[in-house]
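**Student:** Provide a 3D model corresponding to the input given below.
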Amino acid sequence: MPSGRHLVLLGPTASGKSALALELARRLPGPGVELVSVDAMQVYRGMDIGTAKPTAGERAEVPHHLLDLVDPAEDFSLAHFQAAARSALSSIEARGRRAVLVGGTGLYVRAVVDDLQLPGSFPDARAALDAEPDTALLHRRLAGLDPVAASRMEPTNRRRVLRALEVTLGSGRPFSSFGPGLEAYPASPLAQVGLRLPLDVLDARIAHRFRAMLDAGLLDEVRALLRRPGGLSRTAGQALGYRELGAHLEGRCSLEEAAEEAVRRTRRFARRQLRWFRRDPRIHWLDVGENPLALAPRLLGDSLQCS
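**Tutor:** Reported below is the predicted structural model:
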């Protein structure tokens, strides 16, 4: 954590990065540290347990940013997040403080780290594309219009495929023509540290954490959200665990089946996160043991050496 610079602490879900970030903020000497969430789902109010959002006590202890920005019935775009992140970092810098950005939403991390050039939204084009349920067909269509963009994403990643087609059709420009693209990794003023741990350990942590979320009242949280006017938006409704528990509440599966599917989906998501982050050569990786907080002295020591 070089002195005078912000740190991005990233890694797969359940790797312990949020706890480590909080510990760094508590212990780092100097003018103080504020935490910035880089999570696509923690922006939604009321989605607390299932997104592992910091508690009220933790937020009172250390300033947190980019939490509870919108109602879960609203869509929230990458462009909205990037603007909010710019504002948060500017305010932190104006106070003479440092930021630890913590999260695992890869595209959101890149939008901040590389200040990506983001195209606008095209609702009419998006509405027509949403009506097509076959994601593989949409990816083939994208490959015909913008083969570069199509080669950069998995054919099953509906969200990315839809976005690339929306921009290509709506703007009249290939999606890949906006900015240098995600395959470029230019120098950045933000230091990035990634947490990694063996997959079997990560899988066990994911299962344990989801059970703990259920014990903490996640099912009631999902029930309350679904009963609110507007329910969950298209983006909020994709949150890990919420979609599966929603299916249970609608009578489409048992609670145990919903939990098992949520854990399977979270494990698949964690592997996608790792594949995404491993492509970035600028990330310095640290191996996580039983206790992620044990890494704090190492990061603090690096910071002190650079002071």
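**Student:** Helix, strand, or coil at residue 193?
**Tutor:** strand (DSSP: H, G, I helix; E, B strand; the rest coil).
**Student:** what's the domain layout of the chain?
**Tutor:** 7-117+182-306, 123-177 (automatic domain parsing).
**Student:** residue ranges of the helices in this structure, please?
**Tutor:** For the chain, the helices defined by DSSP state H cover 17-27, 56-61, 78-94, 106-113, 123-130, 135-145, 147-151, 158-171, 199-215, 218-227, 242-249, 255-278, 296-306.
**Student:** Name the stretch from those helices that approaches residue 187 most closely.
**Tutor:** Nearest to residue 187 among the helices of the chain is helix 106-113 (10.5 Å), distances taken as CB to CB. Every residue, glycine included, has its C-beta placed from N, CA and C.
**Student:** Nearest the geometric middle of this structure, what residue?
**Tutor:** Per CA atoms, centre = their mean, the C-alpha nearest to the average position across the chain is that of residue 105, at 2.3 Å.
**Student:** Please read off the pLDDT at that one from the model.
**Tutor:** pLDDT, residue 105: 94.
**Student:** Now do the contacts for it.
**Tutor:** Residues near residue 105 by CB atoms under 8 Å, 6 or more residues apart in numbering: 38, 39, 40.
**Student:** and what of residue 171?
**Tutor:** Per CB under 8 Å, 6+ apart, neighbours of residue 171: 119, 120, 122.
**Student:** Surely the first one and residue 178 touch.
**Tutor:** Meaning residue 119. Yes - here residue 119 reaches residue 178: they are 4.9 Å apart, a contact under CB atoms under 8 Å.
**Student:** For residue 271, give its distance to residue 117.
**Tutor:** Residue 271 sits 29 Å away from residue 117, going by CB to CB, to the nearest Å.
**Student:** Kindly report the same for residue 242.
**Tutor:** 31 Å.
**Student:** Which one's more surrounded, these two?
**Tutor:** Using other CB atoms under 10 Å as the criterion, residue 242 and residue 117 rank with residue 242 on top: 24 against 11.
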